[in-house]
Each structure stands twice: as C-alpha cells, then as structure tokens.
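Visitor: Based on what follows, work out the 3D shape:
(one chain, ligands or ions: 1)
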Amino acid sequence: MTKRLFDEDAFIREFQAQVLSSERAGKHYATVLDQTAFFPAGGGQEADRGTLGGQPVLDVKEENGIIYHYTAQALSGTVQGVLNWETRFERMQNHSGEHVVSGIIHRCTGADNISFSLTDTATTLAFNVPLEDDFLKTVEQQANAAVFADKKITAYYPESEALSGYDYRAKLDLKEHVRLVEIEGVDLCACCAPHCARTGQIGLIKIIDSERYKGGTKLWIVCGKRALAHYAMLLGQNKEISHLLCAAPEQTAAAVEKLKQAKEAAEYENVGMRRAAIAAAVAAVEPTAGNYLAHCAFKGDDLRLFAEGLKEKVGGIIVVLEGDDESAYRYVLTAENADITPILKAANAALNGRGGGRDNMARGSYGASLEQIKAFFAQ
Ligand SMILES: [Zn+2]
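Guide: Numbers count the residues shown, from 1 in each chain. A predicted model of the protein is given here:
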C-alpha cells in the first residue's frame with residue numbers, strides 16, 4: 001500500500017519518494033511510490049496534477065490501496081513530487097465548503113446529500129428533499145458563520161468496532177477503514193479527499209443557484225478563490241450595464257425595467273403605424289372584379305394583413321409579393337370568392353414555388369423573376 005501523505009497532512013505540496021515500480025501502461029508509464037501526496041480522485045474530487053521527477057503527472061489512480069502516477073516516461077530512484085497547489089487548494093476550499101453546506105442542511109432537515117461533483121468549473125450538490133430559497137439563504141448565512149468561526153477540520157480512521165458509535169453522513173455503506181472528516185460542531189462525514197485544516201481557509205461560501213432535481217434540490221456553490229472570481233465577474237457585468245444605461249450600480253435592474261417598458265411602448269407605437277400604413281395602401285387600391293398582383297414593401301405578417309385587407313376590393317385572386325431576390329420572392333396568395341387551390345398548385349409548379357396554407361390563404365416563395373410571376377398571373 002502506498003503511504004498516503006495527503007491523509008495525514010493535506011498541506012504537503014512537495015515531497016520525496018522512492019520509486020517502487022515504473023511500468024508501461026498503454027502510451028504512458030504507471031509509477032508506484034512508497035509514499036505520495038498526490039490524491040488519486042475520490043469523494044467527488046478529481047485527481048491531483050503536478051510533476052514527479054520533473055515530468056508532468058497526467059493522471060493518478062488508486063487500485064487496491066496502491067496509487068499509480070501516470071507520466072510520459074519511466075521513473076526510478078528517489079523522485080521529487082510537486083503538486084499543482086493552486087488547483088489543489090481551490091478544490092479543498094470548494095470540497096470543504098460542500099461539507100459545511102451539506103452538514104448544515106442535514107442537521108436542519110435530515111436531508112441526505114445524494115450527489116456531489118467538484119470539477120474545475122463547477123461544484124454541485126444534490127439533496128433528496130425540496131429546499132426553498134428562503135431556507136437556502138439561512139443555510140448560506142450559517143455556512144459563512146461557520147467559516148468566520150474558523151472551526152477545526154480533522155480527518156481520522158476510527159476502529160471498525162467503534163464506528164457504529166459515530167453519527168456521520170455517508171454515501172457508501174462501508175464497515176471498515178472508514179475515514180471520517182469532522183468539522184467541529186458542523187459536520188461529520190465519511191470522505192477520502194483532502195480538505196482544508198480550518199474553515200477559515202474556505203474563505204467564503206456562496207450558493208449561486210438551485211433547481212428541482214429528482215424530487216429534491218440541486219445546488220451550485222462557489223467557495224474561496226472561486227467565490228472571489230465569481231464576484232469579480234458579476235461586478236464587472238453590472239459595471240458594464242451601469243455604464244451602458246447611465247445608472248448607478250445598485251440601480252441597474254430598475255434601469256433595465258425602465259428600458260424594457262420604453263421598448264414595449266415603442267413597439268406598440270410601431271405596430272400602430274404599420275397598421276395605418278397597411279390601411280392606407282389598401283385604400284389606394286382601385287376596386288376590381290379581376291385578379292390583383294402587387295410587389296410591395298410589407299414584410300412577414302404585414303404582407304398577410306395587406307392581402308387580407310385587399311379582399312374587400314378584389315373579386316379575383318390576390319397575390320402580394322415581397323423581397324428582391326429573384327430566387328425567392330415571398331408571396332401571400334388569397335381570394336375572397338374564389339378557391340385558390342388550383343392556381344396555388346399551378347403557380348408553384350410553373351414558378352419554381354413552394355409553400356401552401358389553409359382557409360383559402362397560402363404563403364410561400366417563388367423562385368422566378370418578377371416578370372415571370374406577373375406574366376403567369378396575367379394569363
Ligand atoms: Zn468530502
């Protein structure tokens with residue numbers, strides 16, 4: 001078994017070890033040491049990175065108590081191990097923060113943490129009961145109170161016989177060699193990963209989102225350095241909005257609301273003007289018992305409304321077109337008193353058209369020139 005230095009002291013960043021074996025494993029070499037500070041992934045936390053004998057550690061895995069370090073080349077003799085400490089410490093901050101939050105929620109509601117994932121971009125944890133936003137606010141306050149109180153975090157392996165005497169949280173039903181991580185007065189949980197030594201090192205715990213998940217609740221949290229980066233990101237966003245809207249930073253939501261209302265009012269006014277333009281265009285058309293074709297500036301639904309309006313003036317087929325692309329003039333085809341089906345089909349066939357509709361109104365496009373379209377409907 002490899003001596004697990006991270007179990008005894010999670011703050012060992014550099015260490016020396018004897019290479020016991022270094023054998024080819026696929027494209028890389030798997031090296032076994034007498035002792036290591038490289039954590040091999042577990043308890044929701046990813047494997048450490050860093051260098052071993054000057055070579056980048058590509059992965060770390062554990063099998064039956066033996067820890068394998070994967071490098072590009074074989075190693076031998078005494079090697080120096082150096083952890084990527086920035087990443088490891090950030091993970092310890094977030095992992096320890098997760099224990100604090102899960103411990104508080106468990107103590108308050110009896111809810112169990114049913115999943116935990118800690119990647120380099122997100123920390124998520126899920127509970128088997130629904131948790132309301134107001135409750136989560138008090139959880140966050142209590143979690144940060146525990147941080148400010150700088151509680152001691154310890155890890156130990158109780159004797160198997162004594163284990164039943166401990167009231168601890170656990171996802172797996174292990175009976176022996178259980179490692180308990182205790183946060184003084186806050187949480188006791190079975191976990192194999194390295195954590196901070198005191199809650200003060202977590203820095204800050206912020207619940208940034210929650211959603212319903214399998215009948216319970218899933219939370220997104222950021223702790224420590226990540227919480228600072230998250231705050232800086234949000235502050236930057238708000239500053240930008242504040243500049244764009246000439247609003248004080250604490251008034252940006254109100255300024256956006258005002259802008260939204262102004263936009264809605266302008267849209268409403270715009271719709272009114274468009275309706276008036278359609279009515280004026282309809283009024284300018286001379287009544288006819290025959291067909292009517294026009295290429296106009298109305299687009300989208302306005303084109304349909306124009307065609308609709310023409311029904312009181314036109315006895316035959318109404319065809320209104322928009323666009324300036326010879327390969328795709330968009331059309332609306334309708335009639336008040338005639339069935340458009342035969343001419344719709346014939347026009348689509350003759351003018352490389354597509355489209356259709358219902359209630360005697362069709363929409364689509366013709367892949368032909370304006371002259372070709374006019375000539376077809378003049379027949
Ligand atoms: Zn843990």
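
Visitor: Could you use CA atoms for every contact and neighbour count after this?
Guide: Noted.

Visitor: can you map out the helices along the protein?
Guide: 5-8, 85-109, 133-148, 224-245, 252-283, 300-310, 341-350, 370-378 (DSSP state H).

Visitor: tell me which residues in the fifth one are buried?
Guide: Looking back up the chat, that one is helix 252-283. Thr252, Ala255, Ile278, Val282 (16 or more other Cα atoms under 10 Å).

Visitor: And these, which is closest to Arg49?
Guide: Thr252 (41.7 Å; Cα to Cα).

Visitor: okay but that closest one is in contact with Ser242, surely?
Guide: Yes: in this structure, Thr252 is within contact of Ser242 by Cα atoms under 8 Å, at 5.8 Å.

Visitor: Met92 versus the nearest residue to Ala10 once chain neighbours are set aside, what's the distance?
Guide: Nearest non-adjacent residue to Ala10, counting by Cα to Cα, 6 or more residues apart in numbering: Pro194, 5.3 Å away. With distances taken as Cα to Cα, to the nearest Å, Pro194 is found 6 Å from Met92.

Visitor: Comparing the two, which residue is more hemmed in?
Guide: Pro194 (28 against 24; other Cα atoms under 10 Å).

Visitor: per-residue confidence at the more buried one?
Guide: Pro194 carries a pLDDT value of 96.

Visitor: how about it, what does it touch?
Guide: With contacts defined as Cα atoms under 8 Å, 6 or more residues apart in numbering, Pro194 is in contact with Phe6, Asp7, Ala10, Phe39, Met92.

Visitor: how does it look with 7 Å?
Guide: Phe6, Asp7, Ala10, Met92 (Cα atoms under 7 Å, 6 or more residues apart in numbering).

Visitor: Pull out the buried residues from those.
Guide: Using 16+ other Cα under 10 Å, the buried ones in the contacts of Pro194 are Phe6, Asp7, Ala10, Met92.

Visitor: Touching, the third one and His195? I think so.
Guide: Yes: look at Ala10 against His195 with Cα atoms under 7 Å: they come within range, at 6.5 Å.

Visitor: Provide the count of other residues in contact range of the nearest residue to Trp220 once chain neighbours are set aside.
Guide: Leaving aside its sequence neighbours, Trp220 sits nearest to Thr124 (Cα to Cα, 6+ apart; 4.6 Å). Per other Cα under 10 Å, the neighbour tally for Thr124 reads 20.

Visitor: hmm, back to that, for the buried residues of helix 252-283, which one is nearest Ala289?
Guide: For the buried residues of helix 252-283, the minimum distance to Ala289 (Cα to Cα) is 15.3 Å, reached by Val282.

Visitor: do you know how far the closest one is from Phe377?
Guide: Distance from Val282 to Phe377, by Cα to Cα: 20 Å.

Visitor: Give me the number of neighbouring residues for the nearest residue to Ala155 once chain neighbours are set aside.
Guide: Leaving aside its sequence neighbours, Ala155 sits nearest to Val181 (Cα to Cα, 6+ apart; 4.4 Å). By the criterion of other Cα under 10 Å, Val181 has 24 neighbours.

Visitor: so what's Val181 bridging to?
Guide: Ala155, Cys189 (DSSP bridges).

Visitor: mind listing what Tyr366 touches?
Guide: Counting by Cα under 7 Å, 6+ apart, Tyr366 has contacts Ser327, Ala328, Tyr329, Arg330, Asn348, Leu351, Asn352, Gly353, Arg354.

Visitor: For Ala350, see how far away the first one is.
Guide: Spelled out, that is Ser327. 14 Å.

Visitor: How about the third one?
Guide: According to Cα to Cα, Tyr329 stands 14 Å off from Ala350.

Visitor: Between the two, which is the more surrounded one?
Guide: Tyr329 (21 against 15).

Visitor: which residues pair with the more buried one across the strands?
Guide: Tyr366.

Visitor: Now do the contacts for it.
Guide: Leu321, Glu322, Gly323, Ser365, Tyr366, Gly367.

Visitor: out of these, who has the most neighbours?
Guide: Neighbour tally across the contacts of Tyr329 (other Cα under 10 Å): the maximum, 27 neighbours, falls on Leu321.

Visitor: For it, give the beta-bridge partners.
Guide: Under DSSP bridges, the beta-bridge partners of Leu321 are His295, Tyr331.

Visitor: okay but it is in contact with Ala297, surely?
Guide: No: with contacts counted by Cα under 7 Å, Leu321 stays clear of Ala297, the gap being 8.5 Å.

Visitor: hmm, what's the outermost residue in this protein?
Guide: Distance from the C-alpha centroid of the chain, by Cα atoms, centre = their mean, peaks at Ala289 (59.5 Å).

Visitor: buried set for stretch 210-219?
Guide: Of the residues in stretch 210-219, Ser210, Arg212, Gly216, Thr217, Lys218, Leu219 count as buried by neighbour count, 16+ other Cα under 10 Å.

Visitor: Could you do stretch 155-165 as well?
Guide: Here stretch 155-165 shows Ala155, Tyr156, Pro158, Leu163 as buried, counting by 16+ other Cα under 10 Å.
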